[in-house]
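Undergrad: Using only what follows, build the 3D model:
(one chain, ligands or ions: 1)
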Amino acid sequence: MSTAAAAPDIPDAAADALHAREAEAFAAARPVSRRLGQEAQAHLYRGVPMHWMADWPTPYPLFLKEAGGATLVDADGHAYADFCLGDTGAMFGHSPAPVAAAIAAQAARGLTAMLASEDAAVIGRLLAERFGLPVWQVCATATDANRYALRWARAVTQRPVVVVFDGCYHGTVEDAMVRLGPQGQTLPRPGLLGQVHDLARSTRVVPFNDAAALADALAPGDVAAVLTEPALTNCGMVLPQPGFLDDVRRLTREAGTLLIIDETHTFSTGPGGYTRTYGLEPDLFVLGKPVAGGLPTAVYGASAAMAERMAEAHARASAAGGHGHSGMGTTLSANPLQLAAMRATLEQVATPDAFRRMIALANRLADGLEAAIARAGLPWTVTRLGARCEIQFRPTPPRTGAEAEAAFRPGLERALHLALLNRGVVITPFHNMTLCSPATTEADVDRLLAAFDDVLLQLTAR
Ligand SMILES: Cc1ncc(COP(=O)(O)O)c(C=O)c1O
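TA: Residues are numbered from 1 along each chain as shown. The predicted structure is shown next:
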């Protein structure tokens, strides 16, 4: 249970008043975005090419002119230090030079052909060396990769059920669009549209950091896989308690259940992700977003034992006459452009040096945020995971997704985000995540810290 309510905090009215002032300042300085938004309303749902782009805390959508390194420039010419970084898609900076060059070179040599390009074998080796799993596949998004991982898990185990942790997000994978109900039941996630089949029939939800609850969920022997991030990063941030991930591995093995580790965000931990940094042993490993430097690409890797079982399941399905219709893979998956961008990212961009730099900056940022929070006397915490930080409106780090989500303050978040944006700094719109890229500078970090200090001053002024 959150203890945040007992401590002094920002009243909702102060947050709303700040948001109203900042909305005026935003609009006064951004006539071009306003015009582009009005034009886009004519033929785009909600006036944007993807509907959630209208969910930013701005009075109307901010339109992008260009992005490079750790800087965004909007259509009105304002430059921002970008700590959102496309919510991890641009974790290594916008258009890193080697990736941009590789894309340009490949763009002139064929975009998609349903054939493996000459980069394919190199990609496989780079992924295996880096993450420690021997067998890989490439697809378009982390959502797809998770979907395929689950399909393989069900295919090889011949079991129907999937376990996820409360507070999870693994993309728009239906099986994981769930929350834990008050009686321990599986509920569809609030906001989910068009859901027809009952997710409770095939997904069980367990609180993170609760090994006993996981053991209960696995006990019936019908669970194909546990799908989890090593730390939850989409409900604020919840780090694993010491020993919890060992328990997850032991319990899944004992139950004959596969373990799928989704590193799409926790790749921020280090060059080999959380898995390599902390020696996890997943059966399947998923990574999307930044793996090709921001081009839509994702990968999943399999352990040797898993890969053998995949081949057996594939052979069984093919023998039954279903060759080529596995339910996995989209036409543009693993195209030459993706492979070229991924090769450049893995060989030249996501290097150990880049991670050292990103993590040092993130620590400088987290130290500064903690100091500012202390100066303002606020009961908030900053949680760190390598290059990633999360400001949470509660005095102690949460242990479960429910605790983390109970600390959400939508009104306060939108005021904070918009006020930071008006001061030339962007953080993720949906909770309080910041990410440092290799292109981020100390000056960018200091700009965020100065803006944060100023916003806290505004919020706490009586
Ligand atoms: C942990 C995790 N997995 C998967 C995804 C899905 O990524 P995409 O939207 O690129 O499919 C996300 C997106 O935020 C994520 O955070």
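Undergrad: What parts of the chain come near the ligand?
TA: 87, 141-143, 146, 169-171, 229, 234, 262, 264-265, 288-289 (C-beta under 6 Å from any ligand atom). All C-beta atoms are positioned from the backbone trio N, CA, C, and that covers glycine.
Undergrad: Check the secondary structure at the residue of the stretch 301-450 of the chain found nearest the ligand for me.
TA: Across the stretch 301-450 of the chain, no residue is closer to the ligand than residue 430, which sits at 9.1 Å (C-beta to the nearest ligand atom). Following DSSP: H, G, I helix; E, B strand; the rest coil, the label given to residue 430 is coil.
Undergrad: Touching, it and residue 53? I think so.
TA: No: using C-beta atoms under 8 Å as the test, residue 430 is too far from residue 53 to be in contact (11.8 Å).
Undergrad: so who does the closest residue to residue 435 other than its chain neighbours touch?
TA: Leaving out its chain neighbours, the residue that sits closest to residue 435 by C-beta to C-beta, 6 or more residues apart in numbering is residue 85, at 4.8 Å. Neighbour list for residue 85: 70, 91, 93-94, 435, 437 [criterion: C-beta atoms under 8 Å, 6 or more residues apart in numbering].
Undergrad: repeat for residue 220
TA: For residue 220, the contacting residues are residue 161, by C-beta under 8 Å, 6+ apart.
Undergrad: What residues are bridge-paired with residue 259?
TA: residue 226 (DSSP bridges).
Undergrad: Surely it and residue 224 touch.
TA: No: in this structure residue 259 lies outside contact range of residue 224 using C-beta under 8 Å: 10.9 Å.
Undergrad: Neighbours of residue 397, how many?
TA: Neighbourhood size, residue 397 [other C-beta atoms under 10 Å]: 18.
Undergrad: On the three-state scheme, it is what?
TA: Looking at residue 397 with three-state DSSP, the answer is coil.
Undergrad: How about the backbone phi and psi for it?
TA: phi -60, psi 140 (degrees, to the nearest 10).
Undergrad: What confidence value was assigned to it?
TA: Per-residue confidence (pLDDT) for residue 397: 97.
Undergrad: going forward, begin numbering at 96 instead of 1
TA: Got it, the first residue is 96 from now on, which makes the last one we talked about residue 492.
Undergrad: from what I can see it touches residue 476, true?
TA: Yes: contact criterion C-beta under 8 Å: residue 492 and residue 476 qualify, at 5.6 Å.
Undergrad: which helix of this protein spans the most residues?
TA: The longest helix of the chain (DSSP state H) is helix 447-471.
Undergrad: Report the next helix or strand after it in sequence order.
TA: strand 476-480 (DSSP states H and E).
Undergrad: So for that next one, mean pLDDT?
TA: 98.
Undergrad: got it, and stretch 289-299?
TA: Rounded mean pLDDT across stretch 289-299 is 97.
Undergrad: tell me which residues of that stretch are tucked away?
TA: 294, 297-299 (16 or more other C-beta atoms under 10 Å).
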